[in-house]
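> compute the structure for the input listed below.
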Amino acid sequence: MKSAQHVYRKNFSLITIFLILISVAFLIALYVSYNLMGKYVENEFSSKKIDVLEQTVKPYYDLFQNKIPEITSYQGFLDSASAAKYADAVFHDYPFVKRIVFYDMRIGNQAKGGLVKNHLGIWVKATFQYHYKKGRVFGKRQLITPDETDFKQMALKLSDYITFSDTTRGSTQSEIFHTFYDIKPDKISYSNILRREDIRIFRELQKHGNALSFSKQNMMTFFLDPSLLKIKNTHKELYQDVTIQPVVYDPLDTGNGNLVTEEPLSGAFSNSKLYFSSAKDYLTAEINRRFMPIAALVLLIYFFLILIGWLIYRNLNVNVKLFKLQYDFINNFTHEFKTPVSVIKIAGSNLSGDSELSERQRKQYGKILNEEADKLNDLMNKLLSFTQLENKSIDIKKEEIDVGEFVNSYKETFKIKYPDFKISCAVHGVKSFYTDPVLLGSVFQNLIENAYKYSHPDKRQLYINVTQDKRNIIFSFADKGIGIQKKELDNIFKKFYRVENQYNQNGSVGLGLAFCKELVNFMNGDIIVTSKMNEGSEFIVTLPYEN
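The predicted structure is shown next:
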């Protein structure tokens, strides 16, 4: 009987299409994610420069907002010594301050060579210049003219503030900034902030021009060098090179393929800018570094989908094999039952028929009935024993056997059963051991039966060899049969599995070798097979030796 076709069908086209689709999706995902990462890095290259700028000019803002306003705390009473001490702290904490000029100013109702406006005079008593060299502050007195730019502009602001400010309220931050600060490129001038009481005094001086009276006022000009700013490249992964350049800086060599961007500085550094430059390879390396985790994740998802597909395929493949085993088992089992039942029915019909039977015919029919009944009984016993072995519901009944006699008994039995079967045996180094003779006999019977069944008519030979190896006894069954394909060796001990060949189309339900495997394992042993096509097979049974 031919096996059913197309009950389960493996559609390799669908499997191929599935693999192609997820592979294409994988490649598209990699391509899209890489390009998006490239765009993201380029956007960061343009936007993260603000972070570098903020960290770089942070000391400048600290000087502007915290250190410079400390001058006000002296309320105009700074002298050359205290100004030098203050300058030393500035030079130490803010290296970008190149030099400082200190103005010891006076405000009164007389000019004394200074600026007179709104009936109020503002002049400089002394000027000192400080610079930093080799860890020390050096200062010297210097002369200035009333037209000196820094002093003149600050004096004009102070004069207007004294004349027009509202003393009924405190000064706003905007008024303070525009009056007491003067910011120019690379330079900041600052005078101490006047109190409302001071302003009232100065206005009295404006009204009484003949009185000889004045008040002290301090002013400092800080000369800055933007090139001395310490660049803090907080995004070295994006910017290969960051420099401070003049605002007008525009390199002529722009064809080197570098990516550049810039960010202008503010305040006293408004004539300078941060210039950012990175080679394309530098950013490409950063893109690749960031892309690797994404690629790994996409690859993990890809292999996960492949795994799911493989598990589905394996599950379907197992179902196909199980269905085939089940179908073959039912088909062969039915055939095994049907043949002896048919023979029994024919023999029974002849015995119960009306025609007279001779004594020889009755004996022949009786013999047929006995043989077929034995076949049925043997098949049922095998199934029952297999079930008992799987359920561990039988016990091993060990007894001492003579190995030579045991092997010879099966040799003689099969010689009688199959006259054309050449069986030879040899026992080396072992005489007797304890085992269950019934279980071991079942192993012998199945392996010898298979050696006969799966051999060419002119090569029905079997060599049984028994040896002892340390604590084991080894039974070898070597035949000259048709052999077993290498791909089938892992499956032949599986229940209901049958090797497809011309000797196995009928008369087998795939239980013989599986039954042997279960028996040997039940006796704490092992069975293996080696085989070559058209040369023969060797089954080796290893059992624990007990004497």
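> and the helix or strand that contains Ile423, what's buried?
Per DSSP states H and E: Ile423 is located in strand 422-427. Burial within strand 422-427, assessed by neighbour count using 16 or more other Cβ atoms under 10 Å, is assigned to Ile423, Cys425, Val427. (Glycine included, C-beta is placed from N, CA and C.)
> next: stretch 120-140.
120-124, 127-132, 137, 139.
> tell me the pLDDT of the residue of the chain positioned farthest from its centre.
Distance from the C-alpha centroid of the chain peaks at Glu356, with 88.4 Å (Cα atoms, centre = their mean). pLDDT for Glu356: 71.
> that one: helix or strand, and which one exactly?
With DSSP H and E as the test, Glu356 turns up in no helix or strand.
> quick check: it vs Leu305, distance?
According to Cβ to Cβ, to the nearest Å, Glu356 stands 78 Å off from Leu305.
> where do the strands of the stretch 251-400 of the chain begin and end?
Assigned by DSSP state E, counting those that start in this stretch, the strands in the stretch 251-400 of the chain fall at 259-264, 272-278, 399-402.
> could you point out which element follows the shortest one?
Using DSSP H and E, the helix or strand that directly follows strand 399-402 along the chain is helix 403-417.
> what helix or strand is Ala25 located in?
helix 12-47.
> mind listing what's buried in whatever helix or strand comes next after that helix?
Counting by DSSP H and E, the next helix or strand C-terminal to helix 12-47 is helix 49-62. Residues Lys49, Val52, Leu53, Thr56, Val57, Pro59, Tyr60 are the ones in helix 49-62 that count as buried (16+ other Cβ under 10 Å).
> same check on stretch 533-540?
Neighbour-count burial for stretch 533-540 [16+ other Cβ under 10 Å]: Gly536, Ser537, Phe539.
> measure the residue lying closest to the second one once chain neighbours are set aside to Ile474 for me?
Ranked by Cβ to Cβ, 6 or more residues apart in numbering and with sequence neighbours excluded, the top spatial neighbour of Ser537 is Ser531, at 3.9 Å. Noted for Ser531: a distance of 18 Å to Ile474, by Cβ to Cβ.
> who does the helix holding Ala25 touch, helix- and strand-wise?
When contacts are defined as 3 or more Cβ pairs under 8 Å, 6 or more residues apart in numbering; DSSP states H and E, helix 12-47 packs onto strand 259-264, helix 280-351.
> make TSV from the ones you listed and add mean pLDDT to it.
Shown next, in TSV, are the helices and strands packed on helix 12-47 (pLDDT from 0 to 100):
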stretch	mean pLDDT
strand 259-264	92
helix 280-351	80
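> mind listing what Val247 touches?
Pro264, Ser270, Asn271, Ser272, Lys273 (Cβ atoms under 8 Å, 6 or more residues apart in numbering).
> so which helix or strand of this structure has the lowest pLDDT on average?
Sorted by mean pLDDT, DSSP states H and E, the helices and strands of the chain end with helix 359-390, the least confident at a mean of 69.
> who's in contact with Asp160?
Lys117, Asn118, Thr179.
> so which of those belong to helices?
By the criterion of DSSP state H, membership of those in helices covers Thr179.
> what is the longest strand that the chain contains packed up against?
If you go by DSSP state E, the chain has its longest strand at strand 120-133. Under the contact definition 3+ Cβ pairs under 8 Å, 6+ apart, strand 120-133 sits against helix 80-93, strand 97-108, strand 115-117, strand 136-142, helix 149-164, helix 196-207.
> what angle do that strand and helix 149-164 make?
Here the directions of strand 120-133 and helix 149-164 differ by 140 degrees (axes from the mean of the first three to the mean of the last three Cα atoms, to 10 degrees).
> quick one: strand 120-133 to strand 136-142, angle?
Using the same axes, to 10 degrees: strand 120-133 against strand 136-142 is 150 degrees.
> from the contacts of Asp160, which is closest to Lys232?
Thr179 (32.9 Å; Cβ to Cβ).
> which pLDDT value belongs to the closest one?
91.
> residues in contact with it?
Contacts for Thr179 (Cβ under 8 Å, 6+ apart) come out as Lys157, Leu158, Asp160, Tyr161, Ser171.
> export the residues you listed to a markdown table and tack on pLDDT?
Putting the contacts of Thr179 into a markdown table (pLDDT from 0 to 100) gives the following:
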| residue | pLDDT |
| --- | --- |
| Lys157 | 90 |
| Leu158 | 89 |
| Asp160 | 88 |
| Tyr161 | 90 |
| Ser171 | 83 |
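> so which of those residues comes closest to Asn109?
Leu158 (14.5 Å).
> from Ser191, how far off is the closest one?
Taken as Cβ to Cβ, the span from Leu158 to Ser191 is 7 Å.
> okay, and the common contacts of these two?
The contact sets of Leu158 and Ser191 overlap at Gln217 (Cβ under 8 Å, 6+ apart).
> surely Arg200 and Thr167 touch.
Yes: using Cβ atoms under 8 Å, Arg200 is in contact with Thr167, at 6.0 Å.
> tally of neighbours for Ala25?
Counted by other Cβ atoms under 10 Å, the residues lying close to Ala25 total 14.
> ok, so what distance separates it from Thr16?
15 Å.
> repeat for Ser352
63 Å.
> name the residue in these two with the higher neighbour count.
Set Ser352 next to Thr16 and count neighbours by other Cβ under 10 Å: Thr16 wins out with 10 against 7.
> any regions of the stretch 351-500 of the chain where pLDDT drops low?
Along the stretch 351-500 of the chain, segments meeting pLDDT under 70 span 353-354, 371, 374-375, 378-393, 496-500.
> again, 80 this time
Applying pLDDT under 80 to the stretch 351-500 of the chain picks out residues 351-396, 494-500.
> also the stretch 151-300 of the chain?
Filtered on pLDDT under 80, the stretch 151-300 of the chain yields the residue ranges 204-214, 252-257.
> hang on, the earlier thing: just give me the closest of the contacts of Thr179 to Tyr249.
Nearest to Tyr249 among the contacts of Thr179, with distances taken as Cβ to Cβ, is Lys157, at 32.8 Å.
> residue contacts, that closest one?
His178, Thr179, Phe180, Asp182.
> now tabulate those residues in TSV and tack on distance to Phe45.
What follows is the contacts of Lys157, written out as TSV (distance: Cβ to Cβ, whole Å):
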residue	distance to Phe45
His178	38
Thr179	42
Phe180	40
Asp182	37
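> state the phi and psi torsions of the residue farthest from the centre of the chain.
phi -80, psi 130 (degrees, to the nearest 10).
> mind checking how far it is from Asn350?
For Glu356, the distance to Asn350 equals 11 Å [Cβ to Cβ].
> which neighbours do these two share?
When contacts are counted by Cβ under 8 Å, 6+ apart, Glu356 and Asn350 have no shared neighbour.
> domains of this structure?
56-228, 395-544 (automatic domain parsing).
> wouldn't Ser46 be in contact with Val260 here?
No: applying Cβ under 8 Å as the test, Ser46 and Val260 come out as separate, 10.5 Å apart.
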